[in-house]
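Participant: here are the coordinates; sequence isn't available:
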């Protein structure tokens with residue numbers, strides 16, 4: 001069982017090491033870790049990384065859709 005600090009460190013690692021290819025899996029793993037944190041204070045510490053992962057997923061997802069639309073023209 002991971003401590004809250006270890007969970008926070010893992011979410012932070014996922015944030016810094018994620019790629020376009022791994023963003024879905026990394027975000028899902030980070031979300032599971034976040035859900036397993038017992039207190040709101042602990043979850044708030046990880047919120048900035050969770051927001052960043054979500055933003056990357058959105059941006060990379062939009063770029064992917066945009067590239068598909070351009071290639072169909």
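Facilitator: That came through fine. Please read these numbers as outputs of a predicted model, since none were measured by experiment.
Participant: can we go C-alpha only for contacts and neighbour counts from here?
Facilitator: Fine.
Participant: Wait, residue 34 touches residue 48, no?
Facilitator: No - using CA atoms under 8 Å, residue 34 is not in contact with residue 48; the gap is 11.8 Å.
Participant: quick one, which of those two is more surrounded?
Facilitator: Each of residue 34 and residue 48 has its neighbours counted (other CA atoms under 10 Å); residue 34 has more, 23 against 13.
Participant: Kindly provide the whole-number mean pLDDT of the helix or strand harbouring the more buried one.
Facilitator: Mapping residue 34 onto the secondary structure by DSSP states H and E places it in helix 23-35. What helix 23-35 shows for mean pLDDT is 96.
Participant: Over to the residue nearest to residue 60 when sequence neighbours are not counted. Which of the three states is it?
Facilitator: Leaving out its chain neighbours, the residue that sits closest to residue 60 by CA to CA, 6 or more residues apart in numbering is residue 20, at 6.5 Å. Here residue 20 is coil, with the state taken from DSSP: H, G, I helix; E, B strand; the rest coil.
Participant: Over to residue 20: give its phi and psi.
Facilitator: phi -60, psi -40 (degrees, to the nearest 10).
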